[in-house]
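Q: Predicted model and sequence follow; I will ask about them next.
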Amino acid sequence: MKTYITLTFIALSTLFVAMLYPIDGYDTTGIKRLYRLQKMEMDSIANKRIPNGAYLKLEDIKLNLLSRKRDSLGAILVEDNDFARKIARITPGGNYSLAVLDMTNPDSLKYAAHRENVGYQPGSVGKIAVLNGFFTELAEVYPDNFELRTGLMCNKRVKARYWGTGDHHTIPVYDIDSDKLTKRQVVASDEFSLYEWADHMVSVSNNGAASVLYRETMLLDAFGRNYADLTEEEAENYFVETDRDSLTSQANRVVNQPLRDLGITEDDWRLGGMFTRPAGKYVGREGGSIGTPKGLMKFLVALEQGNVIDEESSLEMKRLLYMTDRRIRYAHSNRLDDAAVYFKSGSFYKCDREKNPNCSDYAGNVFNYMNSVIIVEQPNGKKYIVCLMTNVLNKNSAGAHMYLASSIDEVVNPT
């Protein structure tokens with residue numbers, strides 16, 4: 001009799017909601033869920049999901065390393081021996097890798113790392129590469145006018161079609177007229193602005209939204225200024241009529257070349273393809289996905305320098321990473337409640353049910369990646385970046401990430 005091995009293969013970002021973008025951003029972005037949060041704040045309706053650090057306004061969010069704009073990443077990411085020893089004392093053994101940069105004083109940066117060049121499957125942290133690719137293409141189309149870029153994001157509305165389906169995670173759909181919020185899966189008929197698709201991708205880490213924004217990044221690359229008037233039929237025909245190998249190569253280029261331009265190597269961080277299976281109808285995968293704490297740290301440092309495309313793009317991407325709802329995993333540490341946090345988490349795990357029939361979500365026994373990247377800005381002026389990647393089998397590492405967050409904050413921001 002044959003023995004069958006049942007494998008559960010799941011690529012998930014998070015089971016929980018973690019909304020981002022400043023609450024007062026509705027007027028400039030048109031992201032409808034922000035209108036609801038802003039209305040709750042104006043009407044003094046208590047929102048216990050939101051910690052004190054989630055109430056920064058647009059004008060409060062700034063880039064922290066503009067004074068180091070001309071410095072190379074290599075010059076910045078040099079270990080400080082004393083700081084590195086302190087971080088080493090609290091870093092668990094086993095499959096933990098991390099990089100930490102204390103940027104409280106831009107003129108005296110402190111960097112520490114542990115196994116920072118070890119590669120992990122980045123999971124939904126890779127969606128930051130899609131965001132970067134999308135903003136890169138916007139800048140190519142409108143190189144001298146940031147307002148035209150954000151105007152297109154506000155006004156261009158696109159449907160999910162099959163690209164956005166296949167992810168069981170929900171998105172928040174808010175009807176302003178009825179003041180009704182619905183959380184549901186993306187369906188093919190969903191139509192949102194580019195800003196809202198970006199928000200769905202980053203805030204609730206919806207895989208369908210990631211594939212939709214990835215698709216639009218490719219269309220921007222292909223059609224340039226004609227993209228603004230591109231119809232749904234013309235967009236779909238592009239994928240039908242273009243050779244699959246060409247589309248796969250293009251997909252790989254539009255998200256990975258912008259990383260290379262920043263000095264982030266293929267071994268530092270790369271994205272292998274889209275986030276939903278239906279998108280594979282025309283676009284294949286290439287090269288696989290990998291991320292290292294050092295590669296992710298390079299990106300966040302460049303972001304704080306204003307060097308990811310330009311200062312305006314860097315700032316807008318940082319706003320999209322700003323958390324304005326319940327915090328999870330690393331960001332759930334109560335030591336961060338009063339801090340502004342800019343956060344992305346991702347997980348990717350696999351269960352062999354023959355070995356363990358009870359193998360559970362986020363506790364894979366074949367592999368069990370959990371990753372957290374975060375910028376923390378404490379109200380007392382302490383500011384730092386952490387990139388943490390783990391692969392601890394048979395255990396949901398969310399709690400371990402949270403406890404390590406508290407320990408790292410104690411090192412950078414002692415009480």
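A: Now that the structure is in, tell me what you want to look at.
Q: from here on, contacts and neighbour counts on C-alpha atoms
A: OK.
Q: after the longest strand seen in the chain, next one along is what?
A: Secondary structure of the chain per DSSP state E: the longest strand is strand 340-352. Following strand 340-352 in sequence order, the next helix or strand is strand 367-377 (DSSP states H and E).
Q: partners of that following strand, with directions?
A: Paired with strand 367-377 in the same sheet, following DSSP bridges, are strand 340-352 (antiparallel), strand 383-391 (antiparallel).
Q: averaging pLDDT over each of those strands, which comes out lowest?
A: Looking over the strands paired with strand 367-377, mean pLDDT reaches its minimum on strand 340-352, with a mean of 93.
Q: Off-centre distance for that strand?
A: 10 Å (Cα atoms, centre = their mean, to the nearest Å).
Q: With stretch 282-299 instead?
A: The chain centroid and the centroid of stretch 282-299 are separated by 12 Å under Cα atoms, centre = their mean.
Q: before we move on, the earlier item: now the strands paired with strand 367-377 in JSON lines, with distance to Lys57 and mean neighbour count?
A: JSON lines is the format used below for the strands paired with strand 367-377 (distance: least, Cα to Cα, whole Å; neighbours: other Cα atoms under 10 Å):
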{"stretch": "strand 340-352", "distance to Lys57": "11", "mean neighbour count": "25"}
{"stretch": "strand 383-391", "distance to Lys57": "18", "mean neighbour count": "25"}
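Q: Now render the ones you listed as CSV, adding distance to Ser67.
A: Output for the strands paired with strand 367-377, formatted as CSV (distance: least, Cα to Cα, whole Å):
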stretch, distance to Ser67
strand 340-352, 20
strand 383-391, 15
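Q: wait, which of those strands is closest to Leu98?
A: Nearest to Leu98 among the strands paired with strand 367-377 is strand 383-391 (4.4 Å), distances taken as Cα to Cα.
Q: Could you identify the helix or strand that succeeds that closest one?
A: With elements assigned by DSSP H and E, the helix or strand that comes after strand 383-391 is helix 398-412.
Q: returning to what we had before: indicate which one of the strands paired with strand 367-377 is closest to Lys110.
A: Ranking the strands paired with strand 367-377 by proximity to Lys110 (Cα to Cα) places strand 383-391 first, at 9.3 Å.
Q: Just the angle for the closest one relative to helix 398-412, thanks.
A: Put simply, strand 383-391 runs at 150 degrees to helix 398-412, going by axes from the mean of the first three to the mean of the last three Cα atoms, to 10 degrees.
Q: So which bits of stretch 161-181 are buried?
A: 161-167, 169-174 (16 or more other Cα atoms under 10 Å).
Q: of these, closest to Thr248?
A: For the buried residues of stretch 161-181, the nearest to Thr248 is Trp163 (14.8 Å; Cα to Cα).
Q: ok, now which ones touch Ile171?
A: The contact partners of Ile171, taken as Cα atoms under 8 Å, 6 or more residues apart in numbering, are 183-186, 200, 204, 206.
Q: Sort out which of those residues are buried, if you could.
A: Buried, going by 16+ other Cα under 10 Å: 185-186, 200, 204, 206, out of those.
Q: Thank you, goodbye.
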